[in-house]
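Sequence first, predicted coordinates after that:
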Amino acid sequence: MMIMEVNGTALQIKLEQNSSADAMKELLRQGSITIPMKDYAHMEKFGDLGTRLPRNDQQITTKAGDVILSEGNLLVIYYAPNTWKFTRLGKVVNLTEKELKKVLGKGNIMAALILKDE
């Protein structure tokens, strides 16, 4: 489980079972990461991880709460649908679409990523 703290709320993210999610876990075992995330097209927040992770791209139509690796180095959290070739990292499991949109708000955010013991 990965936690993404945004605006005082902990988003619980169930990670996928793929080499990208495994690499994300390894990265977070070294310590938490805080990344600035920009809003894009009123459907997602994205930020640079500062490193590249393995890609497992597939044609995906995202749903609110999907956490995606894009281009190997961008962490993206969706709050509206989009279709593209992405790598699925995980899914927010503790918030509804409406709650997620409220937490993410409008504009840019800071997100702290933490690995929670599994």
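Looks like it arrived, so ask away.

where does the protein have low pLDDT?
Applying pLDDT under 70 to the chain flags residues 118.

Which strands border the biggest strand by length in it, and is each parallel or antiparallel?
For the chain, the strand that runs over the most residues, judged by DSSP state E, is strand 83-92. Take DSSP bridges as the rule and strand 83-92 pairs in its sheet with strand 9-15 (antiparallel), strand 58-61 (antiparallel), strand 66-70 (antiparallel).

Show me what that strand is in contact with.
For strand 83-92, the external contacting residues (CB atoms under 8 Å, 6 or more residues apart in numbering) are 2, 4, 11-16, 18, 20-21, 24, 53, 55-62, 64-70, 72, 75-77, 100. Every residue, glycine included, has its C-beta placed from N, CA and C.

Drop anything exposed from those.
Buried members of the contacts of strand 83-92, scored by 16 or more other CB atoms under 10 Å, are 2, 4, 11, 13, 15-16, 18, 20-21, 24, 53, 55, 57, 60, 62, 64-70, 75-77, 100.
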